[in-house]
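Chemist: Sequence first, predicted coordinates after that:
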Amino acid sequence: MNKSREASQVLEDFSLESVPLTQRKTWINLAVIWIGIAVVMSAIFRGMMIGLGLGKISSVVISYILGEIILIVMMGLTGYIGAKTGFSTPLIANFSFGRIGAIIISLSIALSLIGWFGVQAAFFARTIQFYFKTDFPLPFFSFLCGIVMMIPAIFGIRGLSVLSWMASPFMIVIFLWGLIKMGFHFLPSETLVSLALNHQPDPYPLTLGTAASLVAGGFIVGAITSADIFRYARPRMKDIFLAATLAMLVSAFLHLVGSVLAMNTGVYHERLPELVIDNQYLGLGFIGFLVLLLAQWTTNDSNIYSSVLALNNIFRTKRWIVTIGAGIFASLFAAFGIFERLELFLKILAASIGPIGGIFICDYYILRRLKACDFREKTFSKINYKALGIYLLSFLIGWITSGHPFTIKIFPFSVFAFNGIISSIILYYMVMKIFPEKE
């Protein structure tokens with residue numbers, strides 16, 4: 001009987017309830033999970049873009065500092081809410097948005113993370129194809145890679161912890177060695193900027209503000225949904241921020257690796273597998289191949305894990321069943337070419353996630369509505385129209401200030417995903433003060 005109960009807990013992972021204090025992890029354990037999530041090829045992609053676009057290592061480092069500070073603050077504040085309540089992001093959304101409103105929020109989070117899973121599963125497949133020089137049909141192979149990558153997420157936080165503990169230290173050492181091997185001997189700044197301008201289909205970022213936006217926007221979904229991991233933390237603010245800082249330092253390091261690689265060689269980010277594996281560049285061979293695969297795998301399991309927590313708020317069934325369904329759906333995205341076609345869609349979703357965190361922060365730290373109630377005995381309202389309306393308005397503000405679909409940027413130095421966060425905090429506070437809830 002006890003074994004059956006333990007097995008059920010392993011597969012369910014407290015997806016619809018508060019994590020008991022007896023099940024909380026040390027901050028070091030959670031920091032390693034976050035480091036595993038931060039060790040992802042998309043960080044190196046962004047680093048390569050920024051390195052070519054800015055052309056100077058001093059400007060590159062400043063952009064990393066600006067972007068990572070934004071992420072540390074968001075991860076710390078939203079993660080602490082998860083640690084205090086023990087609830088996942090979708091369940092916290094029930095308080096701020098009501099049951100129906102939280103369903104919309106959960107769907108937005110789930111689609112964003114499922115989309116990222118599909119993108120990285122497709123890159124996972126491409127890396128294998130490059131190394132083995134195979135002509136295996138890419139769509140079917142991308143689907144198969146997605147299915148394999150979702151398996152650890154079926155076992156929830158335990159599966160993520162094991163995979164991260166195994167992969168993260170190895171990957172960081174290898175990337176550090178690669179950085180030392182390449183050295184800091186860069187092509188002329190004019191050459192790098194020219195390459196950035198000539199990149200197709202879109203030129204790389206050429207301003208410090210845009211580069212910082214790229215750093216922050218690339219991890220904003222993880223920052224806003226950090227309660228999904230930090231709900232397993234002991235509720236100590238300094239521990240939450242320390243874990244977030246360590247993870248973002250690793251992220252900054254990977255951005256630096258990408259910038260150094262690009263500034264040394266002038267190679268675009270699409271050729272990253274070749275740059276890491278081929279003897280012409282780093283020449284890491286099988287080790288480089290393994291690093292690329294593990295880096296994608298640890299982050300992608302976090303994507304599917306958090307998306308399932310969001311979907312569990314809509315489909316009240318066993319978490320492992322939802323994991324399999326979401327994994328298959330995300331793998332189909334990979335098979336249908338999401339890697340090439342979904343960049344604009346993912347930008348829309350990234351802009352839509354920021355205001356969620358802003359409303360959480362306002363509810364907990366400023367209005368103190370969430371902090372003041374007995375969260376575990378709270379009867380959630382059907383829908384909070386004020387929160388939902390502010391969310392949609394703030395998403396629109398974030399989207400407009402992103403410069404899309406217009407070619408002329410309205411605010412070229414802004415972080416478009418963060419514009420929505422700031423707007424949501426200010427507007428939500430004003431509306432809740434003008435139209436307070438009835439007792």
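Modeler: Perfect, I can see it now.
Chemist: From the structure, what's the count of residues near the nearest residue to Y391 once chain neighbours are set aside?
Modeler: Spatial nearest neighbour of Y391, excluding adjacent residues (Cβ to Cβ, 6 or more residues apart in numbering): P355 at 4.9 Å. For glycine as for every other residue, the C-beta is placed from the backbone atoms N, C-alpha and C. For P355, the neighbour count with other Cβ atoms under 10 Å is 32.
Chemist: Render the CA-only coordinates of stretch 319-327 in CSV, please.
Modeler: Provided in CSV are the C-alpha atoms of stretch 319-327 (Å, rounded to 0.1, in the frame of the first residue of the first chain):
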residue,chain,number,x,y,z
ARG,A,319,-0.1,14.4,-14.6
TRP,A,320,1.9,11.7,-16.3
ILE,A,321,-1.0,11.2,-18.8
VAL,A,322,-1.0,14.9,-19.6
THR,A,323,2.8,14.8,-19.9
ILE,A,324,2.6,12.1,-22.6
GLY,A,325,-0.2,14.0,-24.4
ALA,A,326,1.7,17.3,-24.4
GLY,A,327,5.0,15.6,-25.4
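Chemist: still on that earlier bit, buried residues in the helix or strand where the residue nearest to Y391 lies?
Modeler: Element membership for P355 (DSSP states H and E) is helix 343-361. In terms of neighbour count (16 or more other Cβ atoms under 10 Å), helix 343-361 has its buried residues at 346-361.
Chemist: And stretch 307-317, by the same measure?
Modeler: Buried residues in stretch 307-317 (16+ other Cβ under 10 Å): S307, V308, L309, A310, L311, N312, N313.
Chemist: Now go through the residues you listed and say which are in strands.
Modeler: The members of the buried residues of stretch 307-317 all map outside strands under DSSP state E.
Chemist: circling back: between all of the buried residues of helix 343-361, which two are separated the most?
Modeler: L346 and I361 (23.5 Å; Cβ to Cβ).
Chemist: quick one: contacts for the most centrally placed residue in the chain?
Modeler: Residue closest to the mean C-alpha point of the chain, counted by Cα atoms, centre = their mean, is G222 at 3.3 Å. By Cβ atoms under 8 Å, 6 or more residues apart in numbering, G222 lies in contact with I37, M75, S302, S306.
Chemist: quick one: pLDDT of V40?
Modeler: With respect to pLDDT, V40 has a value of 76.
Chemist: give me the number of residues near it?
Modeler: For V40, the count of nearby residues is 27 (other Cβ under 10 Å).
Chemist: Which secondary structure elements does the one helix or strand M48 maps to sit against?
Modeler: In the assignment (DSSP H and E), M48 maps to helix 41-54. Packing partners of helix 41-54 (3 or more Cβ pairs under 8 Å, 6 or more residues apart in numbering; DSSP states H and E): helix 57-85, helix 89-132, helix 189-197, helix 208-224, helix 237-265, helix 272-277, helix 285-312.
Chemist: hang on, the earlier thing: just name the closest of the contacts of G222 to R231, please.
Modeler: S306 (11.3 Å).
Chemist: Low-confidence ranges, the stretch 251-400 of the chain, go.
Modeler: Where the stretch 251-400 of the chain drops to pLDDT under 70, the residues are 313, 339-347, 370-380.
Chemist: ok, back up a step: out of the helices and strands packed on helix 41-54, which gets nearest to G47?
Modeler: helix 237-265 (2.4 Å).
Chemist: Quick one: neighbours of the residue lying closest to F45 once chain neighbours are set aside, just the number.
Modeler: Leaving aside its sequence neighbours, F45 sits nearest to H269 (Cβ to Cβ, 6+ apart; 4.3 Å). Neighbour count of H269, defined by other Cβ under 10 Å: 21.
Chemist: Verify the contact between H269 and M48 for me.
Modeler: Yes: using Cβ atoms under 8 Å, H269 is in contact with M48, at 4.2 Å.
Chemist: which residues do the two both contact?
Modeler: With Cβ under 8 Å, 6+ apart as the test, H269 and M48 both reach G258, A262.
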